[in-house]
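Enquirer: need a structure here:
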Amino acid sequence: MRVWGLTGGIGTGKSTVARLFSELGGVPTLDADQVARELREPGQPAHQAILKRFGTADRKELRDLITRDPVAKGDLEALLHPLIRVASREKLEALHRAHPEAPLLLYEATLLIESGRAPDFESVIVVTAPLPDRLARISARDGVTQAEALALIEAQSPDSYRLPHADHHIQNLGSLEDLKSQIRKILDQIKSP
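Expert: Prediction:
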């Protein structure tokens, strides 16, 4: 089972890149954020622990809290990351069984490098984008102000932290055709002996 990590800061366009890998190369993706959402649902492993520590399991309230409080952010990550690791492994194995013909699987995770997961993958792709584009995407997608979007970006590691871990760097400069071109080059490298 070949699994590559796909990472980048909030608003860089990771999900678009993952979708294009699927469309252009038949590469299935597992989204770590979706795994985390499932783990936080009532009755799931993280829900009660999150309620006990934070008094809420509401996604927006937690996001606001961890944006303001680095200790809370660390506590939430320490609680979630081990659970995400186990659940993701199971889901990747199921994805592989469902798509045995796929050239590889992608594991999309914002905190791939921060959580120490980079060595778990055959290769790591880091997606970057200009700050104004990221701010616009986050504001439009999440219905937040530019200042709130900037706070979300600043609460994460900068590109300069992620890029040294990259085997492949995709620059999302806003053009879908340019993104497709970058992805096709990576897919060609995967297919070449």
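
Enquirer: Now the longest helix anywhere in the chain: buried residues?
Expert: In the chain, taking DSSP state H as the definition, the longest helix is helix 70-98. Going by neighbour count (16 or more other C-beta atoms under 10 Å), the buried part of helix 70-98 is 73, 75-76, 79-81, 83-84, 87-88, 91-92, 95-96. (Glycine included, C-beta is placed from N, CA and C.)

Enquirer: where along this protein do the strands fall?
Expert: Counting by DSSP state E, the chain has strands at residues 3-8, 29-31, 105-108, 123-128, 168-171.

Enquirer: Could you dump those strands into a markdown table and include mean neighbour count?
Expert: What follows is the strands of the chain, written out as a markdown table (neighbours: other C-beta atoms under 10 Å):
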| stretch | mean neighbour count |
| --- | --- |
| strand 3-8 | 25 |
| strand 29-31 | 20 |
| strand 105-108 | 24 |
| strand 123-128 | 23 |
| strand 168-171 | 18 |
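
Enquirer: right, and these - which one's nearest D58?
Expert: Each of these has some distance to D58 by C-beta to C-beta; the shortest is strand 29-31, at 20.1 Å.

Enquirer: Okay, now the sheet partners of that closest one, with direction.
Expert: Here strand 29-31 has these sheet partners by DSSP bridges: strand 105-108 (parallel).

Enquirer: what sits up against the partner strand?
Expert: 1-7, 14-15, 18, 21, 27-33, 88, 92, 95-96, 99, 121, 125 (C-beta atoms under 8 Å, 6 or more residues apart in numbering).

Enquirer: follow-up on the earlier one: can you give me the offset of the longest helix of the chain from its chain's centre?
Expert: With C-alpha atoms, centre = their mean, to the nearest Å as the basis, helix 70-98 stands 11 Å off its chain's centre.

Enquirer: which strands and helices sit next to that helix?
Expert: strand 29-31, helix 32-39, helix 47-54, helix 59-68, strand 105-108 (3 or more C-beta pairs under 8 Å, 6 or more residues apart in numbering; DSSP states H and E).

Enquirer: Show me what the mean pLDDT comes to for the first one.
Expert: Strand 29-31 comes out with an average pLDDT of 96.

Enquirer: what's the answer for the longest one, then?
Expert: In this model, helix 59-68 has an average pLDDT of 88.

Enquirer: Alpha carbons of that helix, in CSV - could you do that?
Expert: This file holds the C-alpha atoms of helix 59-68, laid out as CSV (Å, rounded to 0.1, in the frame of the first residue of the first chain):
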residue,chain,number,x,y,z
ARG,A,59,-16.4,22.6,16.3
LYS,A,60,-16.6,26.4,15.9
GLU,A,61,-16.3,27.0,19.7
LEU,A,62,-13.2,24.7,19.8
ARG,A,63,-11.7,26.4,16.8
ASP,A,64,-12.1,29.8,18.4
LEU,A,65,-10.7,28.6,21.7
ILE,A,66,-7.6,27.0,20.2
THR,A,67,-6.9,30.0,18.0
ARG,A,68,-6.7,32.1,21.1
